[in-house]
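S.K.: next input, structure requested:
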Amino acid sequence: MSECPDSYGIAVVSFYKFVDLDGLPEIKVSLLSLCGENGVNGTFILAPEGINATVAGPRQGIERLVTYLESDPRLSGAHYKLSYNEKSPFHRLKVKFKKEMVPMGVSGIKPQRLSGERVPPEQWNELISRPDVLLIDTRNDYENRVGTFRGAVNPETDHFREFPEYVRENLDPAEHKEIAMFCTGGIRCEKATSYLLERGFKRVYQLEGGVLSYLERVSREKSLWEGECFVFDDRTSVGHGLSRGTWSTCRNCRAPVSPEDRQSEGFREGVSCPRCHTRLTPERISSLEERQKQMRLARERNRKHLGAVIKRGSAKQARG
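M.R.: Numbering: from 1, shown residues only. Alright, predicted model coming up:
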């Protein structure tokens, strides 16, 4: 693991691996125990097709987690993306069972057996600058709004399940000879490239490690990325070098909120943003205002808000 900056005491690591996985309840118990003992919070997703996680904790805790993962042949060899933060972006530890790590709703897709050619971040600019390569953002529309690659096509999906329909209606193996795709950490575009190859597309590429690896390894001066990258934790977005970005998240509708949005009349801290403020009922406003008040009081008293209590692994969680 890379050296932690002196002012940042929390390591944040994201990883995934497509692999035929069984014994999920036993893996869940082990993860809850190990992470609970080492102050690691965040979310693990376990599915028959593999494991996906973004978690944070003290450097030593994250190192122990990685050691555990690498000791299991099924879980070893994942691609880890590491960054640091002043405090943990997660308040709880969750281990969830899912039918799919990233729900596409198409049976028979096996990225662990067939997926697109991985292109390292250092070679990505050359690939996507070629006029014969179609560049597609496999993320959802709200993520694309925060930032994307120059010239990338936005399928305007609200959920990854809509991506196969976009492909069926807009892409043709006979017309689109070379397709490059990207996502936040690599997991969605790995599954998307597998889907395209199953449908007869021949030359399909994916950004190795996703946008997070690109922002970490490609300098701002050489970058073709525009904006920031949406992430699924309390940071909301990150920029080059994986530094914390300028976007936040609406407490009501969970949409990303830009600095410009926060200047809007429709924005109220902890209550609403320009996209949802007209749809709020008086009851919902009252509830959000009370929640915001309790969070403010908790901060003033240097205590955690009840809704942000860190839950350790328990027998009840292990059964869930």
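
S.K.: CA atoms for contacts and neighbours, from now on please.
M.R.: OK.

S.K.: host element of the closest residue to T43 other than its chain neighbours?
M.R.: Distances taken as C-alpha to C-alpha, 6 or more residues apart in numbering put K94 closest to T43, at 4.7 Å, once the chain neighbours are dropped. Element membership of K94, judged by DSSP states H and E, is strand 93-97.

S.K.: give the next helix or strand downstream of that strand.
M.R.: Downstream of strand 93-97, the next assigned helix or strand under DSSP H and E is strand 117-119.

S.K.: which strands border that following strand, and is each parallel or antiparallel?
M.R.: Next to strand 117-119 in the sheet, as set by DSSP bridges, lie strand 203-207 (parallel).

S.K.: show me what counts as buried in the strand it pairs with.
M.R.: 203-207 (16 or more other C-alpha atoms under 10 Å).

S.K.: alpha carbons only: can I get it in PDB?
M.R.: Extracted in PDB, the C-alpha atoms of strand 203-207 (Å, rounded to 0.1, in the frame of the first residue of the first chain):
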ATOM      1  CA  ARG A 203     -13.200  -5.300 -30.700                       C
ATOM      2  CA  VAL A 204     -14.300  -4.100 -27.300                       C
ATOM      3  CA  TYR A 205     -12.000  -2.300 -24.900                       C
ATOM      4  CA  GLN A 206     -12.400  -1.300 -21.200                       C
ATOM      5  CA  LEU A 207     -10.500   1.200 -19.100                       C
END
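
S.K.: contacting residues around it?
M.R.: Outside strand 203-207, the residues that touch it by C-alpha atoms under 8 Å, 6 or more residues apart in numbering are 116-121, 124, 177-183, 186, 189-190, 193, 196-197.

S.K.: how about the contacts made by K110?
M.R.: When contacts are counted by C-alpha under 8 Å, 6+ apart, K110 touches 49, 191, 194.

S.K.: and if you look at G209?
M.R.: By C-alpha under 8 Å, 6+ apart, the residues touching G209 are 79, 81, 120-121, 185-186.

S.K.: quick one: the strands in the stretch 51-200 of the chain?
M.R.: Per DSSP state E, counting those that start in this stretch, the stretch 51-200 of the chain carries strands over the ranges 81-85, 93-97, 117-119, 133-137, 147-149, 178-182.

S.K.: of all those, which one is nearest V55?
M.R.: Of all those, strand 93-97 sits nearest to V55, with 8.3 Å by C-alpha to C-alpha.

S.K.: parallel or antiparallel, list what pairs with the closest one.
M.R.: Strand 93-97 is paired, per DSSP bridges, with strand 41-47 (parallel).

S.K.: so how far is the strand it pairs with from its chain's centroid?
M.R.: The chain centroid and the centroid of strand 41-47 are separated by 12 Å under C-alpha atoms, centre = their mean, to the nearest Å.

S.K.: can you name the residues in contact with that strand?
M.R.: Under C-alpha under 8 Å, 6+ apart, the answer for strand 41-47 is 21, 24, 28, 35, 51-57, 88, 90-101, 310.

S.K.: buried ones among the residues you listed?
M.R.: The neighbour-count test (16+ other C-alpha under 10 Å) marks 24, 28, 35, 51-57, 88, 90-97, 100-101, 310 as buried among those.

S.K.: ok, L46 - how many residues close by?
M.R.: Other residues near L46 come to 25 when the count uses other C-alpha atoms under 10 Å.

S.K.: hmm, I was thinking of R113
M.R.: By other C-alpha under 10 Å, 9 other residues sit near R113.

S.K.: same deal with the one 5 residues further on?
M.R.: The criterion is other C-alpha under 10 Å. On that basis, R118 has 17 neighbouring residues.
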